[in-house]
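Engineer: for reference, the sequence and a predicted model appear below.
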Amino acid sequence: QSMLTQPPSASGTPGQRITISCSGSSSNIGNHYVFWYKQVPGTAPKVLIYNYNQRPSGVPDRFSGSHSGTSASLAISGLRSEDEAHYYCAAWDDSLSGPVFGGGTRLTVL
Amino acid sequence: EVQLVESGGGLVEPGDSLRLSCVCSGCSLINAWLSWVRQAPGKGLEWVGRIKNEADGGTTDYAAPVKDRFIISRDDSKNTLFLQMNTLRTEDTATYYCTTILPGSRWGFHVWGRGTLVTVSS
């Protein structure tokens, strides 16, 4: 069982805005930055958000990150079919002395 | 464009050893902190370990499941990262990705390779 909890699935229709949550504790999200990754099945993960809410160059501003206390969220607006993928949150965990991932959320665009 | 390419995966038996390599094409790894992340078939992502650059001591850290069995090293003259895996177990079966760590972060996985599959089975 992961130390970061994500819903296993999410869905939305094209153009819609969805959010994916990531719940942790004071040993991880509460005191450390959160990263979000997108993984299309069969390919390598790609960083979407770093340091809670920063986007690397090339990531559309449809993707945004936020956090409050021991939880973080990824929001995707203007949903597109190419957004179908697995999304993972990650954060450093003090009790493990290493980074941990959430279990992943499979996003389906209906 | 920075591109990481892993190699060395394959089918091995429990108890065997295997060495993975990761070469950076179009970039220099000398200043980078680097990491290995793995993903068991159909499962989520799991951090394996990291190595700092030589300027920061070149030290390594490992996740508990692989500590004392896996060794991460680097050869900056060859722009290559290594993962020596010893006493392999069936639960080590996974695709292994090498990643750069975002500058300024101590762990944030940045650029990822395409991965190499390691299968441990008798």
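Structural biologist: Right, received. Where do you want to start? All values reported here derive from a predicted model rather than from experimental measurement.

Engineer: can we go C-alpha only for contacts and neighbour counts from here?
Structural biologist: Will do.

Engineer: contact partners of stretch A:24-39?
Structural biologist: With contacts defined as CA atoms under 8 Å, 6 or more residues apart in numbering or on different chains, stretch A:24-39 is touched by A:3-5, A:23, A:45-52, A:69-72, A:74, A:85-95, B:108.

Engineer: up against chain B, what does chain A have?
Structural biologist: For chain A, the residues in contact with chain B (CA under 8 Å from any CA of the partner chain) are A:35, A:43-47, A:50, A:92, A:96, A:98-104.

Engineer: filter those to the buried ones?
Structural biologist: With neighbours counted by 16 or more other CA atoms under 10 Å in any protein chain shown, those contain buried members at A:35, A:44-47, A:50, A:92, A:98-104.

Engineer: mind putting those into a markdown table with pLDDT, secondary structure and distance to residue A:16?
Structural biologist: Compiled in a markdown table, these are given as follows (pLDDT from 0 to 100; DSSP: H, G, I helix; E, B strand; the rest coil; distance: CA to CA, whole Å):
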| residue | pLDDT | secondary structure | distance to residue A:16 |
| --- | --- | --- | --- |
| A:35 | 98 | strand | 23 |
| A:44 | 97 | coil | 26 |
| A:45 | 97 | coil | 23 |
| A:46 | 97 | strand | 22 |
| A:47 | 97 | strand | 22 |
| A:50 | 96 | strand | 23 |
| A:92 | 96 | strand | 31 |
| A:98 | 96 | strand | 35 |
| A:99 | 97 | strand | 32 |
| A:100 | 97 | strand | 30 |
| A:101 | 98 | strand | 26 |
| A:102 | 98 | strand | 24 |
| A:103 | 97 | coil | 24 |
| A:104 | 98 | coil | 21 |
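
Engineer: which one of the residues in chain A is closest to chain B?
Structural biologist: Here chain A gets closest to chain B at one residue, residue A:44, 5.3 Å apart by CA to the nearest CA.

Engineer: list the contacts of that residue.
Structural biologist: Neighbouring residues of residue A:44 by CA under 8 Å, 6+ apart: B:97, B:112, B:113, B:114, B:115.

Engineer: count the neighbours of the first one for me.
Structural biologist: If I follow you right, that is residue B:97. 27 (other CA atoms under 10 Å in any protein chain shown).

Engineer: so it sits in a strand?
Structural biologist: Yes. Under DSSP: H, G, I helix; E, B strand; the rest coil, residue B:97 falls within a strand.

Engineer: for it, give the beta-bridge partners.
Structural biologist: In this entry, residue B:97 is beta-bridged to residue B:37, by DSSP bridges.

Engineer: how near is it to residue A:14?
Structural biologist: In this view, residue B:97 and residue A:14 are 32 Å apart by CA to CA, to the nearest Å.

Engineer: now swap in the second one and tell me
Structural biologist: As judged by CA to CA, residue B:112 and residue A:14 stand 28 Å apart.

Engineer: over to the fourth one?
Structural biologist: Here the distance between residue B:114 and residue A:14 works out to 29 Å (CA to CA).

Engineer: more neighbours: those two, which one.
Structural biologist: Using other CA under 10 Å as the criterion, residue B:114 and residue A:14 rank with residue B:114 on top: 20 against 15.

Engineer: surely that one meets residue B:5?
Structural biologist: Yes. Judged on CA atoms under 8 Å, residue B:114 makes contact with residue B:5 at a distance of 6.5 Å.

Engineer: I am finished for the moment; much appreciated.
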